[in-house]
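K.L.:
Following is a predicted model, sequence given first.
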Amino acid sequence: MAAISLIALALSGCASTDTASSAKSLSTGGAASSDSAAAENSKTGFDADITNNSLAVSPDEKTAVVSDSREKSLLIYDLAEGGLRKKIGGFGTPRNIVFINDGLQFVVSDSSLGTLRFYSTEDYTLQDEVVVGPGAFGTAVSPDGKTMYVNNQAHSSVTVVDLETRKPTDVITGFSQPRQGIKVSPDGKQVFVTNFEGDEVTVFDAASRKIIRELTGFSKIRGISVTADGNTLYAASSGRNSIAVVDVLKGEITNEIEVGREPYGAALSPDGKLLFASNKADNTIDVIDVNKNTVVKTLEGFKEPRQAIVFSQGQDRAYVLNRDLSVARVNVEDLSVTDTLRE
């Protein structure tokens, strides 16, 4: 396994001899263990009981990788053949999955281990592991594929990771328990971070890494999406059973669309015409016409859908992760569930 990188987390109490010791055990003894991570977590503000799931689909749409923070393993599905391809174990609390390098690798954040694990998509071997500290949660990659931003719920910070050198380069503070929700604007200039405590979205400039605005007025904020021009943000307010429509420049909620109970996901289609709002308590997805800001159809047949929704690049299909780590496939053209992949 390649050398493991460690940043001196000197901001907001991130640096500690405990973190350094954890990194030392990685560099000398292989991957971090969930047992040592549990001991580390007792010394931080990280809450391991927070639950979430994640779904990533490779750019060629041949592979789907899924996780649930309550499970210690990832499942890898063959989307072409429609079956389970592999299970990868050894995690503590897997949080987010994202493909990088044109789909050649995928990265898994683990808040208990406090690391990013880099895997080969070809043979699923662990290629690298980067320490970012306990509490590592949601991740997002810049449009040029060179930078990853990592939310840290325990330290209320965002770690910036250089994906070419595989090293953290900065820690940005000023957040309040950022969890899974983090998005980079399509032009790569702004990064939107959800703060679960305080129900805010913090926006920072990617170049200066300075916070430039706060978006407020949400209730138990969950998933977010940003339009191609970066001017409109959609956020799931699970406390109000609504999707908030936000004018980013004005910093105002301009509309709220009523959806089902406990909406977690707010996934915008690539063409920006539809938004899928997944309702965890109703086991449904409300499909919203963005131009009209109205629900045009409610899809059924899911099990506790959360933020894990992915649209195909061709926009004809969407993938939705269920509680049991099965993946439902949705025909976007006629808005129907076509099938479900299971372990």
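P.N.:
Perfect, I can see it now. Residues are numbered from 1 along each chain as shown.
K.L.:
Just list the residues touching the spatially most central residue of the chain, thanks.
P.N.:
The structure's the chain has its C-alpha centroid closest to Gly138; by CA atoms, centre = their mean the separation is 4.1 Å. With contact taken as CB atoms under 8 Å, 6 or more residues apart in numbering, Gly138 is in contact with Arg95, Asn96, Ser109, Val150, Asn151, Pro178, Arg179, Gln180, Gly181, Ile182, Thr194. Where C-beta positions appear, they are placed from N, C-alpha and C, glycine not excepted.
K.L.:
same thing but 7 Å
P.N.:
Contacts were defined as CB atoms under 7 Å, 6 or more residues apart in numbering; by that measure Gly138 touches Arg95, Asn96, Asn151, Pro178, Arg179, Gln180, Gly181, Ile182.
K.L.:
gap between the host helix or strand of Phe137 and the chain center?
P.N.:
Phe137 belongs to strand 136-141 when elements are defined using DSSP states H and E. The gap between where strand 136-141 is centred and where its chain is centred comes out at 6 Å by CA atoms, centre = their mean, to the nearest Å.
K.L.:
Please name the strands paired to it in the sheet, noting orientation.
P.N.:
In the sheet containing strand 136-141, its partner strands are strand 147-152 (antiparallel), by DSSP bridges.
K.L.:
Could you point out the helix or strand that follows the strand it pairs with?
P.N.:
Remark: after strand 147-152, the chain's next helix or strand is strand 157-162, criterion DSSP H and E.
K.L.:
now what about that following strand, what contacts it?
P.N.:
11-12, 14, 116, 130, 132, 147-152, 168-173, 175, 178, 193, 209.
K.L.:
picking up where we left off before, so which of the contacts of Gly138 is surrounded by the most neighbours?
P.N.:
Ranked by neighbour count (other CB atoms under 10 Å), these have Asn151 at the top, with 31 neighbours.
K.L.:
Low-confidence regions, the chain specifically.
P.N.:
1-48 (pLDDT under 70).
K.L.:
if we go to 50?
P.N.:
Across the chain, residues meeting the criterion (pLDDT under 50) sit at 1-30, 34-44.
K.L.:
in it, which spans are helices?
P.N.:
All helices of the chain, identified by DSSP state H, fall at 17-29, 34-41.
K.L.:
Break down the stretch 201-343 of the chain into its strands, ranges please.
P.N.:
With DSSP state E, counting those that start in this stretch as the criterion, the stretch 201-343 of the chain has strands at 211-215, 221-226, 232-237, 242-247, 252-258, 267-268, 274-279, 284-289, 294-299, 309-311, 317-321, 327-331, 336-341.
K.L.:
Which of those strands sits closest to Ala80?
P.N.:
With CB to CB as the measure, strand 336-341 is the member of the strands of the stretch 201-343 of the chain nearest Ala80 (11.1 Å).
K.L.:
Would you mark the buried spots in that closest one?
P.N.:
The neighbour-count criterion (16 or more other CB atoms under 10 Å) identifies Val337, Thr340, Leu341 as the buried residues of strand 336-341.
K.L.:
Let me know the closest of these to Leu84.
P.N.:
Leu341 (7.7 Å).
K.L.:
Quickly list what the nearest residue to that closest one once chain neighbours are set aside is bridged to.
P.N.:
Among residues not flanking Leu341 along the chain, Val327 sits closest, at 4.5 Å (CB to CB, 6 or more residues apart in numbering). Per DSSP bridges, residues listed as beta-bridge partners of Val327: Leu321, Leu341.
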